[in-house]
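Novice: Let me see the structure of the following:
(one chain, ligands or ions: 3)
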Amino acid sequence: MVDRAESRKLEHDIRHALLHDGFALAFQPRYLLSTRQPIGAEALIRWPHRKRGLVSPALFIPVAEQSGLINDIGGWVLRQACREAARWPSPAGISVNVSARQLLDGVLIDQVTEALALSSLDPERLELEVTETVLLDISPDVLLTLAALNDIGVGLAIDDFGVGYTSLATLKRLPFTTMKIDRSMVRALPRDREDAAIVCSLIAIAQALGLGVLAEGIETPEQENFLIDVGCESGQGFLFSHALSAEDIATCLTRPRPA
Ligand code: C2E
Ligand code: MG
Ligand code: MG
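Specialist: Ligands and ions are numbered 1, 2, ... in the order given. From the prediction side, this is the model:
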């Protein structure tokens, strides 16, 4: 956490970055595990700061959420991500992280519609990632937004699944299309028998509910092999690739990952 003075400075700098093209996107590819084929990428925001160097999203996203600036950042990320993805070989998809605040403030539908219209990207190629915390206290308005996004064909993923408190009843009730297994669950695979058992159950739940499954944070061939054996369809992580620039991801998505 940052103190109030620091938080105010960061807010000031975020406003400046928004006005002066100070943010960038990086793209981490994701693959079908069985075939090594790329299926798309996750957009991850980067902030190269003049004095601070590269500022971690873990530091500035919470500040942006508190101040409401996340809505401007989120709109920019969606427009930029859809614009890049429209240049990728179809049907490669783009996943965009959205903040709970964009959902709660009711701005998300307009932002998504605008980004899709400006880029002419097929809505089926866009997926929004929301973290489990969004689902703790779900209002009728948020439910309507999720349903409307689902209606226009946009995918909905639960990010970092396995660390929060989503009840299975909630999971069943909401129009999610993908479960992203958090990297904290993947880290100790396959050695840690409890984590291995939990990951197997999460995959079984996802399959029972008709959700796609993607494991994040895959760093070793042993983790990958275990995930393939227990039926996990897709994954991303440093074993395959770090997040890449817009130029590099466009090339990366044209070919399978080397064996
Ligand atoms: P996330 O959505 O769970 O993103 C995955 C994070 O894990 C990324 O960190 C990525 O670089 C990192 N990662 C990927 N593969 C591996 C791996 O194999 N090992 C390890 N140790 N880490 C891996 P990053 O880019 O620092 O992002 C951190 C978080 O910031 C994201 O977590 C997401 O919650 C948030 N974030 C990033 N971009 C945006 C954005 O555009 N909007 C919003 N609202 N949040 C964002
Ligand atoms: Mg994510
Ligand atoms: Mg995640």
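
Novice: Only C-alpha atoms from now on, for both contacts and neighbour counts.
Specialist: Noted.

Novice: Setting the sequence-adjacent residues aside, check what's closest to the residue in the stretch 51-200 of the chain positioned nearest to ligand 3.
Specialist: Taking CA to the ion, ligand 3 has its nearest neighbour within the stretch 51-200 of the chain at Asp160, 4.3 Å off. Nearest residue to Asp160, sequence neighbours excluded (CA to CA, 6 or more residues apart in numbering): Asp182, at 4.0 Å.

Novice: do the same with Phe176
Specialist: Once its chain neighbours are removed from consideration, Phe176 has its nearest residue in Leu156; the separation is 4.9 Å (CA to CA, 6+ apart).

Novice: Equivalent analysis for Leu189, please.
Specialist: By the measure of CA to CA, 6+ apart, the closest residue to Leu189 outside its immediate chain neighbours is Gln223, 5.5 Å from it.

Novice: ok, now Cys200?
Specialist: Once chain neighbours are set aside, the closest to Cys200 by CA to CA, 6+ apart is Val230, at 6.2 Å.

Novice: Quick check: residues of the protein near ligand 1?
Specialist: Taking CA under 6 Å from any ligand atom as the measure of proximity, the chain contacts ligand 1 at 44-45, 56-58, 74, 77, 97-99, 160, 217-219, 237-238.

Novice: List only buried entries from those.
Specialist: Leu44, Ile45, Gly74, Val77, Asn97, Val98, Ser99, Asp160, Gly217, Ile218, Glu219, Gly237 (16 or more other CA atoms under 10 Å).

Novice: Next, check these against the strands and list the overlap.
Specialist: Assigned to strands by DSSP state E, the following of those qualify: Leu44, Ile45, Asn97, Asp160.

Novice: What's the first helix or strand after the helix or strand encompassing the residue nearest to Leu189?
Specialist: Remark: Gln223 resides in helix 221-229, with elements defined by DSSP states H and E. Using DSSP H and E, the helix or strand that follows helix 221-229 in sequence is strand 234-235.

Novice: partner strands of that following strand, parallel or antiparallel?
Specialist: Using DSSP bridges, the strands paired with strand 234-235 are strand 24-32 (antiparallel), strand 212-215 (parallel).

Novice: Helices of the stretch 1-150 of the chain, residue ranges please.
Specialist: Counting by DSSP state H, counting those that start in this stretch, the stretch 1-150 of the chain forms helices over residues 4-19, 57-67, 70-85, 100-104, 108-119, 140-151, given from the N-terminal end onward.

Novice: Report the rounded mean pLDDT for stretch 157-170.
Specialist: Average pLDDT, stretch 157-170: 83.

Novice: from the middle of its chain, how far away would that stretch be?
Specialist: When C-alpha coordinates are averaged (CA atoms, centre = their mean, to the nearest Å), stretch 157-170 and its chain have centres 14 Å apart.

Novice: Would you indicate which residues of that stretch are buried?
Specialist: By neighbour count with 16+ other CA under 10 Å, stretch 157-170 contains the buried residues Ala157, Ile158, Asp159, Asp160, Phe161, Gly162, Thr166.

Novice: Same list (these) but as TSV, adding distance to Thr35.
Specialist: TSV is the format used below for the buried residues of stretch 157-170 (distance: CA to CA, whole Å):
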residue	distance to Thr35
Ala157	22
Ile158	24
Asp159	23
Asp160	24
Phe161	24
Gly162	26
Thr166	31
